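J.: Dropping the sequence and predicted coords here.
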Number of protein chains: 4
Amino acid sequence: MAGNSFGETFKITTFGESHGDGVGVVIDGCPPRISISKEDFIRDMARRRPGGHGISTPRKEKDEVEILSGVFEGLTTGTPITLYIRNRDPDSRPYEVLRQLFRPGHADYTYFKKYGHFDFRGGGRYSARETAARVAAGVVAGKILEPLGISVVAYTLMVDGIKAKSINLDMVEKNPLFCPDPKAARQMEEAMSKAKKEGDSLGGIAEIRVVGCPEGLGEPVFDKLDADLAKAVMSIGTVKGVEIGAGFEAAELKGSENNDLLTTDGFQTNRAGGILGGISNGDEIVIRAAIKPIPSIGLEQDTINREGKPAKLKLAGRFDVSAIPRIIPIFEAMVRIVLADHYLRSKAIV
Amino acid sequence: MAGNSFGETFKITTFGESHGDGVGVVIDGCPPRISISKEDFIRDMARRRPGGHGISTPRKEKDEVEILSGVFEGLTTGTPITLYIRNRDPDSRPYEVLRQLFRPGHADYTYFKKYGHFDFRGGGRYSARETAARVAAGVVAGKILEPLGISVVAYTLMVDGIKAKSINLDMVEKNPLFCPDPKAARQMEEAMSKAKKEGDSLGGIAEIRVVGCPEGLGEPVFDKLDADLAKAVMSIGTVKGVEIGAGFEAAELKGSENNDLLTTDGFQTNRAGGILGGISNGDEIVIRAAIKPIPSIGLEQDTINREGKPAKLKLAGRFDVSAIPRIIPIFEAMVRIVLADHYLRSKAIV
Amino acid sequence: MAGNSFGETFKITTFGESHGDGVGVVIDGCPPRISISKEDFIRDMARRRPGGHGISTPRKEKDEVEILSGVFEGLTTGTPITLYIRNRDPDSRPYEVLRQLFRPGHADYTYFKKYGHFDFRGGGRYSARETAARVAAGVVAGKILEPLGISVVAYTLMVDGIKAKSINLDMVEKNPLFCPDPKAARQMEEAMSKAKKEGDSLGGIAEIRVVGCPEGLGEPVFDKLDADLAKAVMSIGTVKGVEIGAGFEAAELKGSENNDLLTTDGFQTNRAGGILGGISNGDEIVIRAAIKPIPSIGLEQDTINREGKPAKLKLAGRFDVSAIPRIIPIFEAMVRIVLADHYLRSKAIV
Amino acid sequence: MAGNSFGETFKITTFGESHGDGVGVVIDGCPPRISISKEDFIRDMARRRPGGHGISTPRKEKDEVEILSGVFEGLTTGTPITLYIRNRDPDSRPYEVLRQLFRPGHADYTYFKKYGHFDFRGGGRYSARETAARVAAGVVAGKILEPLGISVVAYTLMVDGIKAKSINLDMVEKNPLFCPDPKAARQMEEAMSKAKKEGDSLGGIAEIRVVGCPEGLGEPVFDKLDADLAKAVMSIGTVKGVEIGAGFEAAELKGSENNDLLTTDGFQTNRAGGILGGISNGDEIVIRAAIKPIPSIGLEQDTINREGKPAKLKLAGRFDVSAIPRIIPIFEAMVRIVLADHYLRSKAIV
């Protein structure tokens, strides 16, 4: 039983490959009478697009979102919304040399073992290209959250050991790294340029904050809000860890230090990260994600081929140095999708 | 839409409260002809039970698992298996004083906001008592994994800043903390005794390892094996963070450092933690979970009551100092449930 | 992937066998703060119970519903409600003779082929006993519908070719056949007595009416209200056909005859049976179900045994002559469950 | 929570409207390495297409299926398969007159009540156009069934009271009505021509037969094979009734007449229609569906407008006289989808 759907009430099903015709998403469960137009997608698709700032790959993808269904006279109809992003340059000939080789750190090997083949053309389904559909779906989710006053912002917290020291959300959109600390942003850029020259890649840490989330979202004991957020975040290709609130730091605290005391003005602290018992508590939701370095590097690596024979692999072409910053809008999208889903789910309780 | 089911093909639905009649689970999708008896549950229920070692609460719970359905003449029938654990001492009078007060760090507040009430009798549904049903379900999941040669072991990695320095799995069952390093185990016990005397509580870090997992489990792009594991682990009450393989450390590595190279003898390293692209790669699966300190402490805390008025709260009674070690078998159970589910799901592909 | 759950938002999972410990149901998704007590179940459990009127089997089952979870201080909590009905007389020795033989018309053969065994003790999971859990769940569903003014009533329309000629709902509870035509009811009783003497069994037709259903329930294009009702009704053991509104008669009408014209006072006619395009139209919902004769008969029948060898089977003991009237409250329960589910689902659209 | 997905393991999600960009389906869960090409769809899409035989509407729809994802080098990859059928002539201007009026027998009224609007351009989502996506998905399902030797054939049993007297499956494709009795077919054609001249429409009955279905498909107690078939068939727009095997006739039989006795050569009769206890018994599966007359007729009808005011409606344009014969391949498609899904589900039991 395949797993390309996410959400229960606001349910998305994504499809498509990096070098096929395109990628897309069907959204089932979006309420009717919500205004949606092609223009709504431009900002986030651009933020996800490579090549904006000289750091990401210069490969050009014009990610225009087509609305194939579910919107009539500018409004959602309550029927499935299909968003489609055509692949513009699906020239897969350069990938032909990879037909036999498993790229280290990529899913070539596991797809081959599971499905009896793998898509040597840049990963196909397991390419980061797939996330374009998530970002498009996240825009629709955002349309549900906006009138509720719920906003989601993600940003870069760390790259190559360089940490943002200040969290100034106004700065996030003002540098190519979506970093809330402009000084750290510049250092991160330098580190990325250096890694690029070395033919290597970098990981990092992102943080996602949700402001304005009402109390009561989350469906224990399994579909807790934090559990679903963890799944949503971990389902993004390069993520290897996720934390809520104090996260791994909480493991070193005492109860008297970690408990957020309740006051007449709300919680005194927010080590819980806005979620108690799997249900939003009205405070800011804070999530962090650990991002591994992109496995595609310019250095020669040992590997094996389909027949299990040893081989050397040196990838040519132009790769992103890091999933950061392109992954930032993907985090926002997935968190929005979780929140829209849980908001709609919570309406069954009255 | 409530969220008390987990899994797709091996699907569990848990029910019950800490001070109701009991807690239980219905397992739908367990293959027929598997031998199950009451005795199978004894070991893990005992490991989860408080009071085994003077560290946990001396409250006595005799957690006998009754098999209410789905097993005939000692074998599963393919129909729903219901496991039930009666609450032995559901005296809720001592909790009466909590009827009006939200305990900091607990879900009293959020349940009240969501459902219009909360279960002041130790949390009811959001009590750790609920996890007894998970452990029982995990035993059945283990019965599916065992003939496949898949084994799951969890252990304590850190308590109060004290880390296990060696990972000797033979030692895990030989100390009350399920710690693979006996020396660290003794220090952890001391730290827990100290915290107990102070009326405080401790968190910690657990690690879970899966040995013998075949290649090919996991259903991208959303029901990736790591995504479902993250959800499973995060759905346990006190967990605030989850990592796979190198986890947050991967965020600081370069691609050339983090990639696990493929050799004719398998992967050279295992920074991936046994999962690539959301699919098991045949290597050991490694998961870590951050556990917050138990919110119930003996120190006086500020809080508010149902009417929003400020109040002081000093919990009487006997609480666990830490979710460790009782949480250890719960991790094993949830990971087994995820693996059994994904194993059965993978069979639809031939 | 097993199929013992039904519903999406108001989701029931049933379990248990005829000669095991008991049968039960977990209801996940029932809104909180609804008053539920053991007494609420008495009426419908009694109506389903055999032996009420000398027509059904005199086997005595005292079907007391225990509330194992989800209700606190008389009110639902929003957490899973577990209802349990213990089997009182699970003496399975008389069934021992059936261990090797497939009973014609029963599911012995197909269970054996699917699961590698079958429950010779009266069918086990595929016994009509299983429906006790459905009836209990239907009572809870009814608690959701009642304040909305939605009521469901089922009755016997035909037995052995004898049709109810008048539909007087006030008469339904006044005869053991739940027949709206008292005269037909008496004839039906006679036919049933005759069949009983002959060692044979009878089928029949039931009709279910929903009064007060608001417009807008149903989720096209697959979870249409009529599609889900058809599934719900067809999932009951002896049902072989289901109709909505004019049903098979509509197949012989012209469009000009079948269309229900809209007027300022509502629909002029109701051949649609209250559902248009899979969505309730505010009119009465009308469903009919064809019920096959109970396969257990006192006459000798040809069959085969587990080894495929021919055998003769003559069932001893006391069987119901017909699924009617005991099936009547089961129809009501299943229809209530569908409506409660779709009502809660519809709340996600605002 | 919207309902545009069907199936659990072989799961389809359809989207699109009659006068939007197109209609399509995402299939999640199709096994990898199955050969699929555009040509595979031609036959069934043509059979569903109007205008083949002068009986259906002459509106021209060239229903070419585009494969947007999930197939690489001619083989399925195990990732989501998206099939898309573009609307060729989405001129919606002629429909403008319907903007304010509810067409009797159509879902205009209920969609308006549910979603706050309705698609006056021929129904939009609730147009029969939606079924093109089902037929396309059915072709893929058929690819799974074919190597198993399972075949599905549907045909017309009755139109306007004219019944097929002989069931010669070789004749089905040899007349425009897909009728197994050529003589009845001619009479049906005449009846349809007559109704067309009168500006009226006709319903009918279709029968679907599954040959070669192995024992063991179906997941009691709710996802029984007959329950899922009933839902699948009833989810098609004009269907008002569904029967399995003897169906409503079984209601008039005695147990001794209705039971299919088991012999060493299989079942002696097949009144069960190939399903016992919700599980296929290896015999032929037989389903019948009652089809209401198409609500679009050329005669003037009373109705009301959006404001609830009375109005007269006389539809211009060219409509099908009956859902027969175009509905025939839709039945085949839905039954294939149910069988493919249950076949894959059954593989979780070993």
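T.: Nice, I can see it.

J.: Show me what residue of the stretch 51-200 of chain A gets nearest to chain C.
T.: Using CB to the nearest CB, A:Gly78 is the residue of the stretch 51-200 of chain A that sits closest to chain C, at 6.3 Å. Yep, even glycine has a C-beta here, placed from its N, CA and C like the rest.

J.: That residue touches D:Gly3, doesn't it?
T.: No: in this structure, A:Gly78 is not within contact of D:Gly3 by CB atoms under 8 Å, at 11.1 Å.

J.: Mind naming the longest helix for chain A?
T.: Ranked by residue count and defined by DSSP state H, the top helix of chain A is helix A:328-346.

J.: Mind listing what's buried along it?
T.: A:328-346 (16 or more other CB atoms under 10 Å in any protein chain shown).

J.: Equivalent analysis for stretch A:130-148, please.
T.: Along stretch A:130-148, these residues count as buried under the neighbour rule (16+ other CB under 10 Å): A:130-145.

J.: Closest to chain B out of those?
T.: Minimum distance to chain B across those is 5.8 Å, recorded for A:Glu130 (CB to the nearest CB).

J.: now the closest one: how far from A:Gly124?
T.: Relative to A:Gly124, A:Glu130 is positioned 9 Å away (CB to CB, to the nearest Å).

J.: Pull up the overlap in contacts between the two.
T.: Common neighbours of A:Glu130 and A:Gly124 (criterion: CB atoms under 8 Å, 6 or more residues apart in numbering or on different chains): A:Glu17, A:Ser18.

J.: related to what we said a few turns ago, in PDB, list the C-alpha atoms belonging to the longest helix of chain A.
T.: Only the C-alpha atoms of helix A:328-346 are listed here, as PDB (Å, rounded to 0.1, in the frame of the first residue of the first chain):
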ATOM      1  CA  ILE A 328      12.800  26.500   3.800                       C
ATOM      2  CA  PRO A 329       9.500  27.100   1.900                       C
ATOM      3  CA  ILE A 330       9.000  23.300   1.900                       C
ATOM      4  CA  PHE A 331       9.000  23.300   5.700                       C
ATOM      5  CA  GLU A 332       6.500  26.100   5.700                       C
ATOM      6  CA  ALA A 333       4.300  24.200   3.200                       C
ATOM      7  CA  MET A 334       4.300  20.900   5.200                       C
ATOM      8  CA  VAL A 335       3.600  22.600   8.500                       C
ATOM      9  CA  ARG A 336       0.700  24.600   6.900                       C
ATOM     10  CA  ILE A 337      -0.700  21.400   5.500                       C
ATOM     11  CA  VAL A 338      -0.600  19.700   8.900                       C
ATOM     12  CA  LEU A 339      -2.300  22.700  10.500                       C
ATOM     13  CA  ALA A 340      -5.000  23.100   7.900                       C
ATOM     14  CA  ASP A 341      -5.700  19.400   8.200                       C
ATOM     15  CA  HIS A 342      -5.900  19.500  12.000                       C
ATOM     16  CA  TYR A 343      -7.900  22.700  12.000                       C
ATOM     17  CA  LEU A 344     -10.500  21.000   9.700                       C
ATOM     18  CA  ARG A 345     -10.400  17.800  11.700                       C
ATOM     19  CA  SER A 346     -11.000  19.700  14.900                       C
END
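
J.: Excluding chain neighbours, what is closest to the residue lying farthest from the centre of chain A?
T.: Taking CA atoms, centre = their mean, the residue of chain A most remote from its mean C-alpha position is A:Thr264, at 36.2 Å. Sequence neighbours aside, B:Pro310 is the residue nearest to A:Thr264 in space, at 5.7 Å (criterion: CB to CB, 6 or more residues apart in numbering or on different chains).

J.: list the contacts for the residue of the stretch 51-200 of chain A found nearest chain B?
T.: Here the residue of the stretch 51-200 of chain A nearest chain B is A:Ala107; by CB to the nearest CB that distance is 2.3 Å. Residues near A:Ala107 by CB under 8 Å, 6+ apart: A:Phe118, A:Gly123, A:Tyr126, B:Pro220, B:Leu276, B:Gly277, B:Gly278, B:Ile279.

J.: same thing but at 7 Å, please
T.: A:Gly123, A:Tyr126, B:Leu276, B:Gly277, B:Ile279 (CB atoms under 7 Å, 6 or more residues apart in numbering or on different chains).

J.: ok, it to C:Arg209 distance?
T.: 55 Å.

J.: A:Asp226 now?
T.: Shown here: A:Asp226 relative to C:Arg209, a distance of 45 Å by CB to CB.

J.: likewise A:Pro147?
T.: 40 Å.

J.: before we move on, what about A:Phe6?
T.: 39 Å.

J.: Which of the two has more residues huddled nearby?
T.: Higher neighbour count among A:Phe6 and C:Arg209: A:Phe6, with 25 against 20, using other CB atoms under 10 Å in any protein chain shown.

J.: which intervals of chain A have sub-threshold pLDDT?
T.: Applying pLDDT under 70 to chain A flags residues A:1, A:51-61, A:89-90, A:350.

J.: just to revisit the earlier point, show me what the residue nearest to A:Thr264 is bridged to.
T.: Note on B:Pro310: beta-bridge partners B:Ile304, judged by DSSP bridges.
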